[in-house]
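**Student:** Pasted the sequence and its predicted model underneath.
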Amino acid sequence: MNFVPTPIPGLVVIEPQIWKDERGFFIETYNEKPFSTHGISGFVQDNLSYSHRGVLRGMHAQAGDNAQGKLVRVLRGRVFDVAVDIRKSSSTYGKHFSIILDGENAKSLWIPPGFLHGFLALEDDTLFAYKVTGFYDKSGELGVRWDDPELAIEWPLRHDEFIISAKDRQLPLLKEISNPF
């Protein structure tokens, strides 16, 4: 595995080795030893979502006693994945990093606590998997609107193609949240 730092400290792209032959392929998606060597550990829960093209999920974080770091990857399909630094003391506060994740390249993104996260499904039948370091805790939910002008995220589809939950449509702007990070 190759652990590639991003321009935002703490965010790491993980590029696995892919062994291919006439049968298909094999990928080691997680191994505690190299991950913990890079400071990535403590997973307590695995999650899976299924999305149609145009589904936008985000921008979410979980704070408090169950603040979540997330190791995200796509099993099938393709997404535009985004992480936003909301650590108040960070020199990259309010900046975002985006990457295309898909089932072909099998890359993962490590998103530590203190980041908002969201993704836009670019294909139908997209399966998105993530390991988290904190159990789900409704009292720690935090969210910011996907179209917050302060974030200036350039989503790769037209906004009229988006499928967004009613809950995510009601999220506040970054400047409106009580930020525990």
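**Tutor:** Thanks, I have it.
**Student:** Just the pLDDT for the residue of the chain positioned farthest from its centre.
**Tutor:** Most distant residue from the mean C-alpha position of the chain: Glu22, 32.3 Å away (Cα atoms, centre = their mean). Confidence at Glu22, expressed as pLDDT, is 97.
**Student:** For it, grab phi and psi.
**Tutor:** Here is the backbone geometry of Glu22 (degrees, to the nearest 10): phi -60, psi -20.
**Student:** measure it to Thr6 for me?
**Tutor:** Counting by Cβ to Cβ, to the nearest Å, the gap from Glu22 to Thr6 is 35 Å. C-beta coordinates here come from the backbone N, C-alpha and C atoms, glycine included.
**Student:** Then Arg158?
**Tutor:** Counting by Cβ to Cβ, the gap from Arg158 to Thr6 is 27 Å.
**Student:** So for the two, which sits in the more crowded spot?
**Tutor:** Thr6 (16 against 8; other Cβ atoms under 10 Å).
**Student:** Excluding residues flanking it in the chain, which one is nearest the more buried one?
**Tutor:** Nearest non-adjacent residue to Thr6, counting by Cβ to Cβ, 6 or more residues apart in numbering: Phe97, 5.0 Å away.
**Student:** ok now whatever helix or strand that neighbour lives in, how far from the chain's centre?
**Tutor:** Assigning secondary structure by DSSP states H and E places Phe97 in strand 96-102. Relative to the mean C-alpha coordinate of its chain, strand 96-102 is positioned 8 Å out (Cα atoms, centre = their mean, to the nearest Å).
**Student:** ok, now stretch 22-33?
**Tutor:** Per Cα atoms, centre = their mean, the centroid offset for stretch 22-33 relative to its chain is 21 Å.
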